[in-house]
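Asker: Predicted structure and sequence below. I'll ask about it afterward.
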Amino acid sequence: MKSNKTVDHELNVTSLNVLQTEVAQSDISNEYTRSEKRTCVIFVSSVIILIAIIIIIILTIIAKEDPIIKKSVTTTTRTTEVLFNVTMTVTEGYPSWNQYGISINVGMILRSVKGITIDDDDHETIYFADSSANCIVRRRSNVTKGEVIAGGNGRGNKSNQLHAPTHTVIDKAKNSIIICDSGNRRVLRWSLQNSSEQHIIASNVTCRDIAIDRDGAIYISDHEQCVVTRWKEGESRGKVVAGGNGKGRGLDQLHYPTYLAVDKDYSVYVSDSNNNRVMKWLKNAKEGIVVAGGRGSGAHMKQLNGPNGIFVDQRSNVYVADSLNHRVMRWSDRSRDIWIAVGGYGDGRASHQLFVPEDISIDRQGNFYVIDDGNRRIQKFEFEP
């Protein structure tokens, strides 16, 4: 039989062994935890470095794709040249505009302003359609109040009525205006001498915009049929000059065509809105050429988002109301230059901002006019030579 001292000694030895074992296990556990932390730190650091490398690669690719986004313009002037259908002095580099617009006073509340036309031969008189007010308004530069020259007698299809007109152009040869009377599915000729004198040029068309060439032929964009037709005087049926092959993204197709422009060579430019591109159709062409956008909807410099109004200058540079990006873009014809002409500072009511610009035009001095539909105003951006 063991003595009490022997038993106590054995218990002490056993306790010491247990304690040493626990300490050893604790050391192992701590070492394992430290190892896990080191592994985690190394993994997170590796992921961060990898993400940084990917971002650098993407930015490098974008920079290579867009070497020219917006160039600075020098102030040195050179010989005058034709640029905006008139003779004007331009600067070396690109034309530029004061980025702070001036609101045009028309003396009335604007509700839903659509297409704008400028008559340079008549003191820069502005014509525009107010779709909600069912009228066409003319505003001369030397007055502060616009005047209703067509419609304005409620919505209807009587001889003195319009229904949601979307645009008007001037036919100087016949002293009349051509009206896209969208809600009545017709295009009218309305005399500027006698408001009761008008006749229908085309009927049963879902007209969105109209244009006129130097021979007086009328071009109509039909957003429902996804086609642009040309109507010469005396013709009872228009000739297809763009689209007409169903709704789609093909080069021979359009998807909700809106605004038009026709150049001196009878080429037709179309804002192919739902395809987020502007198409150019040469005379008698079977397919169009993408001259702006066409890379999906987006805010990148090479993209458009719901393009509408267009203007084409004498160099075939295309200006586009990039509506849902709240800016007006300029796409050059013979180079890769793409830049923002006005707007592009986010949507808003400030004088340097736009909110869903609808249509654009440029007068003989090169001043920009923008239908700022979301803000219910017409903005003028002055040309800076």
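Answerer: Perfect, thanks for sending it. Numbers count the residues shown, from 1 in each chain.
Asker: Please make it C-alpha for all contacts and neighbour counts, starting now.
Answerer: Will do.
Asker: where are the low-confidence patches of the stretch 51-200 of the chain?
Answerer: 59-94 (pLDDT under 70).
Asker: Sorry, slip of the keys, the one I care about is the stretch 251-385 of the chain.
Answerer: 334-336.
Asker: what about the strands in it?
Answerer: For the stretch 251-385 of the chain, strands defined by DSSP state E, counting those that start in this stretch occupy the ranges 257-262, 268-272, 277-281, 289-293, 307-312, 318-322, 327-331, 338-343, 357-362, 368-372, 377-381, 383-384.
Asker: Break this structure down into its domains, please.
Answerer: The record's domain parsing of the chain by automatic domain parsing lists 1-65, 81-384.
Asker: So which of those is the most surrounded?
Answerer: Ranked by mean neighbour count, the domains of the chain are led by domain 81-384 with a mean of 20 (mean count of other C-alpha atoms under 10 Å).
Asker: Mind putting the strands of the stretch 251-385 of the chain into TSV with distance to Ala242?
Answerer: Below are the strands of the stretch 251-385 of the chain laid out as TSV (distance: least, C-alpha to C-alpha, whole Å):
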stretch	distance to Ala242
strand 257-262	10
strand 268-272	8
strand 277-281	6
strand 289-293	11
strand 307-312	16
strand 318-322	18
strand 327-331	21
strand 338-343	25
strand 357-362	20
strand 368-372	26
strand 377-381	30
strand 383-384	33
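Asker: how close does the spatially most central residue of the chain get to Ser176?
Answerer: The centroid of the chain falls nearest to Asp322 when counting by C-alpha atoms, centre = their mean (0.8 Å). With distances taken as C-alpha to C-alpha, to the nearest Å, Asp322 is found 30 Å from Ser176.
Asker: One more: Ile58?
Answerer: With C-alpha to C-alpha as the criterion, Ile58 and Ser176 are 55 Å apart.
Asker: again with Phe43
Answerer: Following C-alpha to C-alpha, the distance that separates Phe43 from Ser176 is 75 Å.
Asker: And for Asn325?
Answerer: From Asn325 to Ser176 the distance is 35 Å (C-alpha to C-alpha).
Asker: Equivalent analysis for Gly294, please.
Answerer: 36 Å.
Asker: Please apply the same query to Thr168.
Answerer: Distance from Thr168 to Ser176, by C-alpha to C-alpha: 10 Å.
Asker: Need the overlap of contacts for those two.
Answerer: Shared contacts of Thr168 and Ser176 (C-alpha atoms under 8 Å, 6 or more residues apart in numbering): none.
Asker: Ignoring the adjacent residues along the chain, who's closest to Ile118?
Answerer: Leaving aside its chain neighbours, Ile118 sits nearest to Ile126 (4.7 Å; criterion: C-alpha to C-alpha, 6 or more residues apart in numbering).
Asker: So Glu358 is in contact with Ile371, correct?
Answerer: Yes: under the contact definition of C-alpha atoms under 8 Å, Glu358 touches Ile371, with a separation of 5.3 Å.
Asker: intersection of neighbour lists for the two?
Answerer: With C-alpha under 8 Å, 6+ apart, Glu358 and Ile371 have common neighbours 114-115.
Asker: List the contacts of the residue lying closest to the residue nearest to the centre of the chain once chain neighbours are set aside.
Answerer: Nearest non-adjacent residue to Asp322, counting by C-alpha to C-alpha, 6+ apart: Pro307, 4.6 Å away. Going by C-alpha under 8 Å, 6+ apart, Pro307 touches 271-273, 276-278, 320-324.
Asker: With Ile360 instead?
Answerer: 115-116, 309-311, 320-321, 368-371.
Asker: Identify, from those residues, the entry nearest to Asn204.
Answerer: Closest approach between the contacts of Ile360 and Asn204, by C-alpha to C-alpha: Gly115, at 20.4 Å.
Asker: quick one: that closest one and Glu358 touch, right?
Answerer: Yes: if you go by C-alpha under 8 Å, Gly115 and Glu358 touch, sitting 7.4 Å apart.
Asker: what sits in contact with each of these two?
Answerer: By C-alpha under 8 Å, 6+ apart, the residues touching both Gly115 and Glu358 are 309, 371.
Asker: Now do Ile49 against Thr166, distance only.
Answerer: For Ile49, the distance to Thr166 - C-alpha to C-alpha - is 55 Å.
Asker: now do Lys174
Answerer: Distance from Lys174 to Thr166, by C-alpha to C-alpha: 21 Å.
Asker: same question, Asp181
Answerer: 7 Å.
Asker: what's the answer for Val143, then?
Answerer: For Val143, the distance to Thr166 - C-alpha to C-alpha - is 24 Å.
Asker: Equivalent analysis for Ile362, please.
Answerer: 19 Å.
Asker: and if you look at Arg376?
Answerer: Taking C-alpha to C-alpha, one finds Arg376 at 15 Å from Thr166.
Asker: Please apply the same query to Asn184.
Answerer: Counting by C-alpha to C-alpha, the gap from Asn184 to Thr166 is 11 Å.
Asker: Spatially, what comes nearest to Asp372 if we skip its sequence neighbours?
Answerer: Pro357 (4.4 Å).
Asker: That neighbour reaches Asp322, doesn't it?
Answerer: Yes: counting by C-alpha under 8 Å, Pro357 touches Asp322, with 7.1 Å between them.
Asker: overlap in contacts of these two?
Answerer: In contact with both Pro357 and Asp322: Val328, using C-alpha under 8 Å, 6+ apart.
Asker: if I look at Asp121, how far off is Ile177?
Answerer: For Asp121 relative to Ile177 (C-alpha to C-alpha), the value is 15 Å.
Asker: For the protein, just list every one of the helices.
Answerer: 4-65 (DSSP state H).
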